[in-house]
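Q: Build me a model:
(chains A and B)
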Amino acid sequence: MTPNSNSRREFLRLSSLSGLGLVLGVSSFAKNSSLVKLTAEAIQLEINPFIIIDNLGNITLVNPRPDMGQGSTQAVPSLLAEELEVSLEKVKLIQSDGKSKYGSQTAGGSSSVRELWEPLRKAGAAAREMLTETAAKRWGVPVANCYAEDARIHLKNSDKSFSYGELADEAAKLPVPKDPKLKDPKDFKIIGKVKPRLDVPARVTGKAVFGMDVDVPGMVYAAILHAPAIHGKIVSIDDAAAKKIPGVIRVMKAERPMPHRTSEAVAVIASNWWAALKGKKALNVTWDNAGMDKMTTDTYFAKGYDAAKAEGINFEEKGDIDQALTHSEKTLEAVYETPFLAHAPIEPENAIAHVKDNGEVEIWAPIQGPDWALRDVAGYLKIKPEQIKINVFLLGGAFGRKAYHDFLLEACFLSKELKKPVKVIWTREDDITQGPYRPGMLSAMKGAVNGKKIAAFHHHAIGESISRQVFNGLQDHQVDDWISGELSAENHKYEIPTWKLSWSNVKTDIPVVWWRSVYASNFAFGQECFMDELAHAAGQDPIEARLALLKDERFRKVLEVIAEKSNWKEKLPAGQGRGVAVFKSFGSISACCVTVSKQSGGELKIEKVVSVIDCGWHVNPDNVKAQTEGNIVMGLTAAIKPGITYANGMAQQSNFHDYPIMRINETPKMDIHIVNSGAQPGGVGEPGLPPVAPALANAIFAATGKRLRKLPIDLNEV
Amino acid sequence: MLFLYPKFITMAVYNLNVNGKKVTVDVEPDMPLLWVIRDFAGLKGTKFGCGMALCGACTIHLNGQPVRSCQTPVSSLAKNAKITTIEGISDGVQLHAVQQAWIEEQVPQCGYCQSGQIMSALALLKTTPDPSDADIDNAMSGNLCRCGTYDRIRKAIHRAADLSKTSSNGMQKAGGK
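A: Below you'll find the model as predicted:
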């Protein structure tokens, strides 16, 4: 890449992003903003899309993964900084804007570190080599006599050195090395070390700028009334009372574009959001439920239980399962059920869109994927990506929800009408009643035992496909490959003599989408509880039974560590029980052990959760622990708190009183261990979650003898 | 586009004391303090989460007591009421012991709820300088965290209690606010 006016313009544009508060790290530059101000002499050089160095030595790294709390602000630039030999304290961080030169930019599928592990380290190493080569030329010495350290190239055995800023101009003219030499992991200074996250201070002082906190000049606010029976149609709007609210500017028809359908809505536009919300409450809209009022989650699950009795689409089998079931000593059958769930990030969905007169569009929003948002906004408004500028802000939680752009496209629709920046803010009620949700799912299980051996295992996955709804990507004869991949013997590694995997799609118009750990959060429950059932049927210890089926060293190690750390072999008093589960998702293996105890009032208490994760190489062990703590809380919430149910086409829950999430007083002690396998990086943000619910249900069985196969579990009613 | 109603019909002028500064706003009497603070005083650290006092993200101090600003109409404030938000608990140079403890324990993930968590923790430590886990659970159960940082919140509150025993940026100072 050569230094030219284009890269200078590019940097100016990126700098203007940070002017809006998108300085993600509290670096020394961020503290003293005068240091990042462009001066007449400062020349910005884009060494590659992720590394910008100016001739004063200021270094800017681009983070191509939005931060929703998973720690990408630290983890991703660490990959660049490690190889570039700079410390994160001394660089400025900015968020990528969706443009294709940054490649994939969606924070999802626990992909940040595992996908960027090589490309970003190579980007850092290539820049380091270019800077080193430039210094070597200036000194007239071989490259081998030079080394990079602390944002300078040093000449060995001398006190000579150049700052990166002094070299950047010439370095940027060099060809980019295709295969730069990566550091030996034993020389890592950042990766694998516990380091405080530099974004934390802003998050405890109220200074962190979330999407919700962004104001742009001339903007108006919108509160949106969605159809009470989802996908209902507007018959008439009486807005007389709404228009009397001071601050209300206009009431207008709106739309909520979802991937599988677009729903009608009514927007109240006001000079402040409180007025818009009051206006929304004052609306009197008559709806045609368009048949949606017959939609219930009960009907959906009833269809699922019917499907469980029938043959699904088989996608993997070994041996003849019917023979094995007929000829084994014991056979077991069970259906496991997991409910629909809302993501409920504490920051509700919000976005600002400005569709300008000249056809250009600017977005300010807390979104997980600026590249996806660019694609969706361009597609929706039928414009070119080059006409769109996306400013991504911190996400106040997301868990998958903010990679679904209905709220963003609502803002686009309204701004296109109003030709002003429009800020859409959803209420908590919008968030919980409108979805999209984690789909409710069934696991219909069959298995057989011979003596002490598990002989046969059949997992029939049943429910709505996210791929079908969101990507229109599933024909009736097809299997959702996220599901087939997750349930595959390749993934779980159990070497069972006979097995079968199958799938049935039960369709629904209830909007569904990925939710933290996606299908793993559903299907780990069936797989791992049924494995527990088979172990007990075989008279085996649940960990021993699993180890007997596993040759994979990483799985074995994770189970051995959980056994050790949970004191698995220690006998518990009556009324107490431990349960275990293990599941691999997003490239990482996680095991969980839950201990429960019967209380004097008869209710169950979750005493302790131990979690073990082998996520291979990782950036910050403390953040791996933090994410796993979060997965325990969210996994337990999913196991013991009410899910989303629909009746008459309406969600029966609307806010945290009837869709409660776990509180601090309910949070058990937790103990987390990382297995350092040195394997390729796996995900961190999600894999800790799937084993939590099955470990809990298995613990309840151990404590009480009751086998619970339907979530949520009411701990007061076991 | 129409602006139908003249402002003076139901709007009113309020002189507020926010973090020791006088803030004058002209808003509807039923507007919750949350939106006054965020959109009229321009202090964005106090967050909207549920609008029903169920999540605690909007927690501020009113005359030193923690309240849910989403359920506190601006007109309900007594004259001279002192409003303290997350922006008002430290001077911006030296952090409050609770904030310091939050950093040392690396509590926040997304951090959206943490302003409210910290305001609740501050109120707890004022009345209970050395709280037990049970005290913490009791005082903090109104603040939701979807990222699941509760275990670290407990640790950070204990740490803040320790810090304030040994440093000058602790409860004595905060207690005075």
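
Q: number of nearby residues for residue A:287?
A: The burial metric for residue A:287, expressed as a neighbour count using other C-beta atoms under 10 Å in any protein chain shown, is 18. Backbone N, C-alpha and C define where each C-beta goes, glycine included.

Q: Ok, residue A:240 next?
A: Taking other C-beta under 10 Å as the criterion, the count of residues near residue A:240 is 11.

Q: what's the answer for the one 4 residues further on, then?
A: By other C-beta under 10 Å, 15 other residues sit near residue A:244.

Q: cool, and the one 5 residues further on?
A: Burial of residue A:249 is recorded as 22 neighbouring residues (other C-beta under 10 Å).

Q: hang on, it is in a strand, isn't it?
A: Yes - judged by DSSP: H, G, I helix; E, B strand; the rest coil, residue A:249 forms part of a strand.

Q: wait, isn't it in contact with residue A:221?
A: No - if you go by C-beta atoms under 8 Å, residue A:249 and residue A:221 don't touch, sitting 9.1 Å apart.

Q: Touching both of the two, which residues are there?
A: Between them, residue A:249 and residue A:221 share these contacting residues under C-beta atoms under 8 Å, 6 or more residues apart in numbering or on different chains: A:269-271.

Q: May I ask which of these has the most neighbours?
A: Ranked by the number of neighbours (other C-beta under 10 Å), the shared contacts of residue A:249 and residue A:221 place residue A:270 first, at 26 neighbours.

Q: Pick out the residue of chain B closest to chain A.
A: Ranked by C-beta to the nearest C-beta, the top residue of chain B for proximity to chain A is residue B:45, at 2.0 Å.

Q: Please look at residue B:148 and residue A:625 and confirm they touch.
A: No - Residue B:148 lies out of contact with residue A:625 (C-beta under 8 Å); the separation is 11.7 Å.

Q: out of the two, which sits in the more crowded spot?
A: residue B:148 (27 against 23).

Q: do you know how far that one is from residue A:687?
A: 15 Å (C-beta to C-beta, to the nearest Å).

Q: Quick check: longest helix in chain B by residues?
A: The helix spanning the most residues in chain B, taking DSSP state H as the definition, is helix B:150-166.

Q: Same list (the shared contacts of residue A:249 and residue A:221) but as TSV, adding secondary structure and pLDDT.
A: Putting those into TSV (DSSP: H, G, I helix; E, B strand; the rest coil; pLDDT from 0 to 100) gives the following:
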residue	secondary structure	pLDDT
A:269	strand	98
A:270	strand	98
A:271	coil	97
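
Q: domains of chain B?
A: Per the record's domain assignment (automatic domain parsing), chain B is made up of the domains B:7-88, B:97-175.

Q: Comparing these, which comes out most buried?
A: Mean neighbours per residue, mean count of other C-beta atoms under 10 Å in any protein chain shown, is largest over those for domain B:97-175, with a mean of 22.

Q: how about that one, does it reach chain A?
A: Yes - part of domain B:97-175 sits near chain A under the criterion C-beta under 8 Å from any C-beta of the partner chain, namely B:99, B:102-103, B:106-115, B:118, B:136-138, B:140-154.

Q: mind listing which of those are in strands?
A: When DSSP state E defines the strands, the subset of the residues of domain B:97-175 next to chain A inside them is empty.

Q: so the residue of chain B closest to chain A touches residue B:85, yeah?
A: Yes - taking contacts as C-beta under 8 Å, residue B:45 lies within contact range of residue B:85: 5.9 Å.

Q: got any residues that touch both of the two?
A: Taking C-beta under 8 Å, 6+ apart as the contact criterion, the common neighbours of residue B:45 and residue B:85 are A:206, B:115.

Q: how many neighbours does the closest residue to chain B within the stretch 451-600 of chain A have?
A: Proximity to chain B, evaluated over the stretch 451-600 of chain A using C-beta to the nearest C-beta, is greatest for residue A:516 at 9.8 Å. Counted with other C-beta under 10 Å, the burial measure for residue A:516 works out to 27 neighbours.

Q: what sits against it?
A: Contacts here follow C-beta under 8 Å, 6+ apart; on that basis residue A:516 touches A:343, A:399-400, A:631, A:634, A:685-686, A:689.

Q: That one belongs to a helix?
A: No - in this structure, residue A:516 is coil, not part of a helix, as judged by three-state DSSP.

Q: now it: how far from residue A:627?
A: Distance of residue A:516 to residue A:627, computed by C-beta to C-beta: 10 Å.

Q: pLDDT value on the nearest residue to residue B:16 once chain neighbours are set aside, please?
A: Nearest-residue entry for residue B:16: residue B:23, 4.6 Å, with adjacent residues in sequence omitted and distances by C-beta to C-beta, 6 or more residues apart in numbering or on different chains. Model confidence at residue B:23, given as pLDDT, is 96.

Q: ditto for the one 5 residues further on
A: On the pLDDT scale, residue B:28 is placed at 94.

Q: so who does the residue in chain A that chain B sits nearest to touch?
A: For chain A and chain B, the shortest gap (C-beta to the nearest C-beta) falls at residue A:206, measuring 2.0 Å. Under the criterion of C-beta under 8 Å, 6+ apart, the neighbours of residue A:206 are B:43-46, B:85-87, B:115.

Q: Tell me where the model's unsure across chain B.
A: Along chain B, segments meeting pLDDT under 70 span B:1-10, B:167-177.

Q: related to what we said a few turns ago, could you provide the shared contacts of residue A:249 and residue A:221 in TSV, with additional columns for distance to residue A:90?
A: Formatted as TSV, the entries for the shared contacts of residue A:249 and residue A:221 read as follows, by distance: C-beta to C-beta, whole Å:
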residue	distance to residue A:90
A:269	45
A:270	45
A:271	43
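
Q: same for chain B: which of these are within range?
A: Filtering the shared contacts of residue A:249 and residue A:221 for proximity to chain B (criterion: C-beta under 8 Å from any C-beta) leaves nothing.

Q: Checking the residue of chain A closest to chain B next. Helix, strand or coil?
A: Using three-state DSSP, the structure places residue A:206 in coil.

Q: Model confidence for it, exactly?
A: pLDDT at residue A:206 comes out at 97.

Q: and the residue most central in space within chain B, what element?
A: Per C-alpha atoms, centre = their mean, the C-alpha nearest to the average position across chain B is that of residue B:60, at 2.7 Å. Residue B:60 belongs to strand B:59-62 when assigned by DSSP states H and E.

Q: elements contacting that strand?
A: The criterion is 3 or more C-beta pairs under 8 Å, 6 or more residues apart in numbering or on different chains; DSSP states H and E, and the helices and strands that strand B:59-62 contacts are strand B:65-68, strand B:82-84, helix B:114-127.
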